[in-house]
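# A predicted structure for the sequence below; I have some questions about it.
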Amino acid sequence: MNYQYIVQRLLLALVVVLGVTFVVFMIMQIVPGDPARVVLGPYANDESVRGLRDRLGLDRPFLEQYVSWLGSALQGDFGQSLLNGQEVAPQLWGRIGPSFELAMVSLAIGLAIAFPIGIISALKPGSAIDIVATMFSQIGVSVPTFWMGILLVIIFSLNLNLLPPSGYTPIAEDPGDWLAHIILPAFTAGFVSASIQTRFIRSAMLDVLNANYIQTARAKGLAERTVVVRHALRNALINIVTIIGLQITALFSGIVIVEVVFSWPGLGRLAFNAVEERDYPLLQGAVLVVAVMVTLVNLLVDLLYFLLDPRIEYV
């Protein structure tokens, strides 16, 4: 393992995180509206608004505000929410767990659907199964996430009364109730993830199955299951791991709609509310946490390449 490469990737990840926070901070400054006016309400007088802007440091130059926030964030202090006055850090830590649970269960559902469908369709290209798999992937990519979530709520909550339409229960408090609440939002996000993964798994397997060494393995009389699992799938895993890594990052950053639809108390819903209420500190903290999680996942995927194929050299 090339530790110099790991250090380089960590430094690059740091630059990416700083870049993301800087861009979001800049966008929040450009978006019309005054956070102080939002906090005090539309009927507050101008003197009160100016006083609050001065107290919050909103009247300082943009770069000075960003550097001040970044210095405090590096010390674990993300400031206070503009609306409720509570510390941002505890609010973030309380939301990481639900978001992580939802993302991981969604990924597991996506993989459980995509792997068998993708592999079978690759083994039988042009067959009825392959056509159905292609239609499934097209539907999953085309259907809006919020529409899928609302449809599932109508079917399984309102009509069949099998699952709760929204809410969250900590897994340590009641595992059964936690499972009941997470099924619908996880399947909503996992269905879209599965449709994307199916296409890439099928494509990766087709590339490998047409290779000469697969034909050689079959000519030696090896069982088809051995050829598929030990030779084809193992060599296709590098491309598959790449798309899985991209899907994890997409789930972390793209389940905002799912969390809003199902009232899931995660980072996505927190960031959504912060944007609506122009709560700078809360939004910046949520963006920083998500950016760190995404960059760590990307680093982990890079390191997995070496475990899957030791011939890969990091330069």
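Yep, that arrived.
# so, low pLDDT: which residues of the stretch 201-315 of the chain?
Residues of the stretch 201-315 of the chain meeting the criterion pLDDT under 70: 253-254, 306-315.
# swap in the stretch 51-200 of the chain?
In the stretch 51-200 of the chain, no residues with pLDDT under 70.
# and the helices in it?
With DSSP state H, counting those that start in this stretch, the ranges of helices along the stretch 51-200 of the chain come out as 62-74, 88-123, 128-142, 145-152, 175-209.
# now, of the ones you listed, which is deepest in the fold?
Comparing the helices of the stretch 51-200 of the chain by mean neighbour count (mean count of other Cβ atoms under 10 Å), helix 175-209 comes out on top with a mean of 21. (Glycine included, C-beta is placed from N, CA and C.)
# off-centre distance for that one?
Counting by Cα atoms, centre = their mean, to the nearest Å, helix 175-209 is centred 13 Å from the centre of its parent chain.
# as CSV, could you dump the C-alpha coordinates of the helix or strand just after it?
Counting by DSSP states H and E, the next helix or strand C-terminal to helix 175-209 is helix 212-219. Output of helix 212-219 as CSV, limited to C-alpha atoms (Å, rounded to 0.1, in the frame of the first residue of the first chain):
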residue,chain,number,x,y,z
ASN,A,212,-10.9,-14.7,-23.7
TYR,A,213,-10.1,-16.1,-20.2
ILE,A,214,-13.8,-16.7,-19.6
GLN,A,215,-14.0,-18.7,-22.8
THR,A,216,-10.9,-20.6,-21.7
ALA,A,217,-12.5,-21.3,-18.2
ARG,A,218,-15.6,-22.7,-19.9
ALA,A,219,-13.5,-24.8,-22.3
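# residues making contact with helix 212-219?
By Cβ atoms under 8 Å, 6 or more residues apart in numbering, the surrounding residues in contact with helix 212-219 are 208, 224, 226-227, 231-232.
# got a winner among those residues for most neighbours?
Greatest neighbour count in the contacts of helix 212-219, by other Cβ atoms under 10 Å, goes to Ala232: 26 neighbours.
# may I ask you to confirm that that one is in contact with Val208?
Yes. When contacts are counted by Cβ atoms under 8 Å, Ala232 is listed as touching Val208 (4.7 Å).
# quick one: which of the helices of the stretch 51-200 of the chain is nearest Thr242?
Proximity to Thr242 (Cβ to Cβ) singles out helix 175-209 among the helices of the stretch 51-200 of the chain, at 8.2 Å.
# so which elements touch that closest one?
helix 88-123, helix 128-142, helix 145-152, helix 234-254, helix 256-261 (3 or more Cβ pairs under 8 Å, 6 or more residues apart in numbering; DSSP states H and E).
# quick one, the third one and helix 175-209 angle?
Orientation of helix 145-152 against helix 175-209 (axes from the mean of the first three to the mean of the last three Cα atoms, to 10 degrees) gives an angle of 130 degrees.
# and the angle for helix 145-152 with helix 234-254?
Helix 145-152 and helix 234-254 are oriented at 90 degrees to each other (the same axes, to 10 degrees).
# can you report how many residues lie near the nearest residue to Ser263 once chain neighbours are set aside?
Once flanking residues are discounted, Ser263 sits nearest to Ser166: 3.9 Å by Cβ to Cβ, 6 or more residues apart in numbering. Neighbourhood size, Ser166 [other Cβ under 10 Å]: 14.
# give me the phi and psi for Ser166.
phi -160, psi 180 (degrees, to the nearest 10).
# mind checking how far it is from Asn159?
In this view, Ser166 and Asn159 are 16 Å apart by Cβ to Cβ, to the nearest Å.
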